[in-house]
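Visitor: predicted model and sequence below, questions to follow.
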Amino acid sequence: GVFVFFLVSGYIIPASLERKGSVRGFWVSRVFRLYPLYIVVIALSLLAFKTGFGGIHGAQNTPKTWIYSVPFMMSNMLDGTNIPNVIWTLSFEMVFYLLLTALFTFRVHRHSGTYALAAAGGALALGGILTNSSLNHLHILGHETGDRRIAILADAGIVVGLALAVTGRARLRAVGVILAAGTGLTLLLFNTSYPGPCTGLVILALMFTGTMLYRAEQGQLAWKHALMIAGGVLVLALAAGLWHGPGGWTPGNLTQYRIQWITCLVLAGGTFALGMAVRHKRVPGWLAWLGLVSYSVYLLHPIILNAYRSIGPLRQPHPFPIQVLLAAGFLAVVLICSAATYYFVESPMQKYGHKLSRFLQARFGPDTIPAGPAVTAPDAPAIPAEPANLKGRGSNNGADVALPQGGRRSPGGDHGGRVPGGHPASVRE
């Protein structure tokens, strides 16, 4: 499921940035789409910990390190604690955003297939060399760098880089995106804690593969070339995981790991392919609604699950009919809470983000970067730049990106929708 999430992220996010053409507008939309609920779920996790209805996975033992890992959702790459535990995926999302911003700024963003193959090849070539959290344990002049120092330096690099990137001045923007993207890529390669640098590069390859398939959908790349590259990425990713094995797993679990690695990648590719195949079908209203609240479901469900586990009577063995009722009750609570956070947190903050983008554009002028003319593949029909809106979906809350009819936003979209078959993603319009 999580690999589908990264494929969907790569498919959706470039459309957002390229249609806006504005680095500043892109990052404003990211902040107002990602952070409000992110802050809420962190607060809820801390409250659950204090009241005995959940844990924070040891963050209480190193609170300063954890705090420094929070600002850019980089806890998974700054040796911080993932609170809640599912946010480790957001670290890779953030690196992808930084890289995409840099590539778009230099107008080399259309070579998605090359980047996908490079990342997958890097996983195969370097997966056995790169180690987890290696930057935190460097010794410079007899002193260990330490996780807190690395976190402070990383935060500073990204803050300064993004500040320069949104200035609108060409030279400062170029310096800024190099600094921010370079910081993110360095963390992914040399300081990833879970699931390790090899898998991190595979994740990056999957996101660029999603981007490449988006370009094929738009007629910028021949489908036969896109499918060949996608097949090459799959082969390299499979080989990387099978050769280098799992980080931190005991030898006794190696067979289990290999089965999981193969099935996860193959099923992720198949699920995404199925979603692409039915992308022109009508989307049922209830499924569209689930897409709207999927980001909330993704972040809230571990908190609710931990609370459930902390109630003694609920942990006892139960007859099967009672188990079914409990599962239905748990699902209902998750959906009700997710609906509440979507309508009262996510949706209003997205609207404020749009207002701020318009204000900044009026106050400082546009910072649009020309994306360059789209190149239509000679043997693939061009797809209109503005595909038809979805059928059977929720109301349009000021979204800037239209997907192919039947396609769906991932929870990163302004509506929280996703491509059919997609996993709750952290990509947001």
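Guide: Noted; the coordinates are in hand.
Visitor: by contact count, what packs against the helix or strand containing residue 336?
Guide: In this structure, residue 336 sits in helix 320-341 according to DSSP states H and E. With contacts defined as 3 or more Cβ pairs under 8 Å, 6 or more residues apart in numbering; DSSP states H and E, helix 320-341 has these neighbours: helix 285-309. Using the backbone N, CA and C atoms, a C-beta is placed for each residue, glycine as well.
Visitor: now the helix it packs on: buried residues?
Guide: Neighbour-count burial for helix 285-309 flags 288-304, 306-308 (criterion: 16 or more other Cβ atoms under 10 Å).
Visitor: equivalent analysis for stretch 58-70, please.
Guide: 59, 62, 65, 66, 68, 69, 70.
Visitor: pull the CA atoms of it into PDB?
Guide: Coordinates of each C-alpha in stretch 58-70 appear next as PDB, following Å, rounded to 0.1, in the frame of the first residue of the first chain:
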ATOM      1  CA  GLY A  58      10.500   7.500  23.300                       C
ATOM      2  CA  ALA A  59      10.300  11.100  22.300                       C
ATOM      3  CA  GLN A  60      10.000  12.000  25.900                       C
ATOM      4  CA  ASN A  61      13.600  10.800  26.400                       C
ATOM      5  CA  THR A  62      15.100  13.100  23.800                       C
ATOM      6  CA  PRO A  63      12.600  16.000  23.500                       C
ATOM      7  CA  LYS A  64      15.000  18.500  22.000                       C
ATOM      8  CA  THR A  65      16.100  16.200  19.200                       C
ATOM      9  CA  TRP A  66      12.500  15.400  18.400                       C
ATOM     10  CA  ILE A  67      11.500  19.100  18.300                       C
ATOM     11  CA  TYR A  68      14.200  19.900  15.800                       C
ATOM     12  CA  SER A  69      13.000  17.100  13.600                       C
ATOM     13  CA  VAL A  70       9.400  18.400  13.500                       C
END
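Visitor: give me the contact list for it.
Guide: Residues outside stretch 58-70 that contact it (Cβ atoms under 8 Å, 6 or more residues apart in numbering): 42, 49, 75, 78-81, 83, 147-148, 151-152, 155.
Visitor: again, only using 6 Å
Guide: 75, 78, 80, 81, 83, 147, 148, 151, 152 (Cβ atoms under 6 Å, 6 or more residues apart in numbering).
Visitor: buried subset of those?
Guide: For these, buried by 16+ other Cβ under 10 Å: 75, 78, 80, 81, 83, 147, 148, 151.
Visitor: tally of neighbours for the closest residue to residue 173 other than its chain neighbours?
Guide: Once flanking residues are discounted, residue 173 sits nearest to residue 165: 5.3 Å by Cβ to Cβ, 6 or more residues apart in numbering. By other Cβ atoms under 10 Å, 27 other residues sit near residue 165.
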